Every structure is written in C-alpha cells, then in structure tokens.
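Participant: Dropping the sequence and predicted coords here.
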Amino acid sequence: MPIYQYISEQPENPDCSCRMCRKIFELMRPVDRAKLTACFYCKHPVRKVIGNVNSPKIHAPISIVDAKKAGFTVLQKRDSGTFEKL
C-alpha cells in the first residue's frame with residue numbers, strides 16, 4: 001500500500017485546533033480507494049502533497065560472482081555486437 005501525505009488547505013485557520021491537519025500527515029491507503037478530501041477529525045479540507053521518493057541506494061557495483069550466485073547470466077562485450085558468456 002502506498003503512503004500518501006496530506007496537508008490542510010487552510011493551514012493558518014484560527015478556529016482549527018486539530019493536531020492532525022495542522023502539519024503534514026501520512027496515511028497508508030489502497031490505490032483503488034477514493035482520494036481524501038477532508039480531515040478525519042475536524043472535517044477541514046485537505047490536499048495531497050508530493051513527498052520524498054524512497055529508492056534503494058547501491059553502494060558498490062555488483063561483482064560477477066555475486067551476479068552468478070543470484071542466478072543472472074553475465075555477458076561481456078567482445079567485438080562490435082558480439083557478446084560472450086562469462
């Protein structure tokens with residue numbers, strides 16, 4: 001399930017004392033569910049914001065031995081358009 005971030009449409013609203021929508025809050029929601037338009041607690045309008053994208057970081061290149069152990073076929077370019085299996 002993806003994690004969505006929401007923020008209040010009226011962040012400086014003086015009559016809103018809701019802890020939830022005063023700041024950015026996160027929700028795990030199924031993709032097929034309708035988008036959230038109001039805060040669960042105070043019913044003020046909220047909008048979805050774009051957050052950070054989580055991507056894996058590769059620290060070192062994968063060695064040929066590790067690739068073979070993982071079940072990959074390792075090829076090396078010999079001539080123009082010719083590859084040889086290692």
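Facilitator: Received, thanks.

Participant: which residues touch stretch 46-64?
Facilitator: 3-9, 21, 24, 26, 35-39, 74, 86 (Cβ atoms under 8 Å, 6 or more residues apart in numbering). Any C-beta I mention is one placed from the backbone N, CA and C, and that applies to glycine too.

Participant: Asp79 and Ala67: what is the separation?
Facilitator: As for Asp79, its distance to Ala67 is 22 Å (criterion: Cβ to Cβ, to the nearest Å).

Participant: Would you mind telling me which of those two has the busier surroundings?
Facilitator: Between Asp79 and Ala67, Ala67 has the larger neighbour count (other Cβ atoms under 10 Å), namely 14 against 7.

Participant: Does that one belong to a helix, a strand or coil?
Facilitator: At Ala67 the chain is in helix, as set by DSSP: H, G, I helix; E, B strand; the rest coil.

Participant: Ok, Phe72 next?
Facilitator: Of the three states, Phe72 takes coil under three-state DSSP.

Participant: State the distance from it to Val46.
Facilitator: Applying Cβ to Cβ to Phe72 and Val46 gives a distance of 45 Å.

Participant: who's more crowded, those two?
Facilitator: Taking other Cβ under 10 Å, Phe72 and Val46 do not tie; Val46 has more neighbours (23 against 11).

Participant: Excluding covalently adjacent residues, which one is nearest to that one?
Facilitator: Distances taken as Cβ to Cβ, 6 or more residues apart in numbering put Tyr6 closest to Val46, at 4.5 Å, once the chain neighbours are dropped.
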